[in-house]
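# could you look at this predicted model? Sequence included:
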Amino acid sequence: MRFQTPLVPATLIRRYKRFLADVRLADGQVVVAHCPNPGSMMGLKDEGLKVWLEPNDDPKKKLKYGWRLVEFPDGAFVCVDTGVPNRAVRATLEDRVVPELAAYNVVRPEVKYGENSRIDFLLQGGGLPDAYVEVKSVTLMRQAGLAEFPDAVTARGAKHLAELARMVQAGHRAVMLYLVQRTDCDRFTLAGDIDPAYAKAYAGARAAGVEVICYGTRISPEGVWVAEPVQVIEG
């Protein structure tokens with residue numbers, strides 16, 4: 001998935017009110033950027049971090065910049081935009097290059113199901129049972145190389161796991177796909193200390209037959225692409 005507009009570098013001053021960030025552009029100008037991430041962004045909102053912004057000239061948008069990436073001094077990138085994973089995963093599913101899901105030739109995004117929910121992707125085709133695929137963005141790293149989810153309490157995330165479990169009980173496939181949006185991790189696990197209720201819902205979903213897969217990403221100021229599988233550490 002390529003960014004629509006070339007990104008520009010900036011320096012983070014502060015992130016506040018969840019969806020706003022003050023940043024300093026290369027020319028010294030301070031602007032307010034939209035922060036497309038409602039999570040805690042632990043480790044990704046420190047003053048002085050190098051960030052990458054996507055400019056826009058849309059008159060309907062109040063803010064002329066959207067925060068997309070963090071770049072660490074060691075060259076590692078993190079995509080903070082929680083809207084990116086669905087776009088990147090959709091392209092990958094349509095190209096049928098995710099081995100676990102490559103048999104499906106119909107990809108339907110945002111389909112209503114369950115109790116007032118929408119599944120990220122409903123996959124169909126080939127005489128196979130429907131596959132309900134939920135996608136989560138993973139950006140937290142507290143130990144070197146180990147990505148974790150969630151970075152904050154997410155009652156909505158626990159609800160999604162329960163909905164997936166019900167789809168399995170109804171005879172469908174249900175897949176929880178975690179996309180690690182950082183280039184410095186090769187393992188994934190749950191942050192059960194941050195949200196014990198989510199960890200409990202995860203255990204229940206796994207016991208019900210919900211599948212879990214995790215993929216990494218290639219990230220640069222040009223775009224974000226789904227990359228190699230990431231090892232899932234459970235228990």
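Yes, it's here.
# now the helices: where do they sit in the chain?
Listed in chain order, the helices of the chain (DSSP state H) span 84-94, 155-169, 196-208.
# does anything pack onto the first one? Which helices or strands?
This points to helix 84-94. strand 106-113, strand 117-124, strand 131-138, strand 173-180, strand 223-229 (3 or more Cβ pairs under 8 Å, 6 or more residues apart in numbering; DSSP states H and E). Just so you know, the C-beta spots here come from the backbone N, C-alpha and C atoms, and that holds for glycine as well.
# domain assignment for this protein?
According to automatic domain parsing, the chain is divided into the following domains: 8-79, 84-232.
# and residue 201, how far from residue 161?
Distance, residue 201 to residue 161, using Cβ to Cβ, to the nearest Å: 4 Å.
# contacting residues for the spatially most central residue of the chain?
By Cα atoms, centre = their mean, the chain has its centre lying nearest to residue 137, at 1.7 Å. Residue 137 is in contact with 79, 82, 84, 85, 179, 181, counting by Cβ atoms under 8 Å, 6 or more residues apart in numbering.
# follow-up on the earlier one: of the helices and strands packed on helix 84-94, which is nearest residue 72?
With Cβ to Cβ, the closest approach to residue 72 among these belongs to strand 173-180: 15.0 Å.
# number of residues surrounding residue 52?
Neighbourhood size, residue 52 [other Cβ atoms under 10 Å]: 23.
# check residue 179 too.
Look at residue 179: counted by other Cβ under 10 Å, it has 28 neighbours.
# quick one: it and residue 139 touch, right?
No. Under the criterion of Cβ atoms under 8 Å, residue 179 makes no contact with residue 139, lying 9.8 Å away.
# may I have stretch 80-92 as PDB, with CA atoms only?
The C-alpha coordinates for stretch 80-92 follow below in PDB (Å, rounded to 0.1, in the frame of the first residue of the first chain):
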ATOM      1  CA  VAL A  80       1.000   4.600  13.700                       C
ATOM      2  CA  ASP A  81      -2.000   4.900  11.400                       C
ATOM      3  CA  THR A  82      -4.500   2.200  12.500                       C
ATOM      4  CA  GLY A  83      -6.300   2.600   9.100                       C
ATOM      5  CA  VAL A  84      -3.400   1.300   7.100                       C
ATOM      6  CA  PRO A  85      -3.600  -2.400   8.100                       C
ATOM      7  CA  ASN A  86      -7.000  -3.000   6.500                       C
ATOM      8  CA  ARG A  87      -5.800  -1.400   3.300                       C
ATOM      9  CA  ALA A  88      -2.600  -3.300   3.200                       C
ATOM     10  CA  VAL A  89      -4.300  -6.600   4.100                       C
ATOM     11  CA  ARG A  90      -7.000  -6.100   1.600                       C
ATOM     12  CA  ALA A  91      -4.500  -5.900  -1.200                       C
ATOM     13  CA  THR A  92      -2.800  -9.000   0.000                       C
END
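# contacts for that stretch next, please.
Stretch 80-92 has contacts (Cβ under 8 Å, 6+ apart) with 1, 35-39, 41, 44, 66-70, 98, 107, 109, 120-121, 133, 135-137, 139, 177, 179, 181, 217, 224-226.
# likewise stretch 144-152?
39-42, 136, 138-142, 157, 178, 180, 182, 184-191, 194-195, 198, 230, 233.
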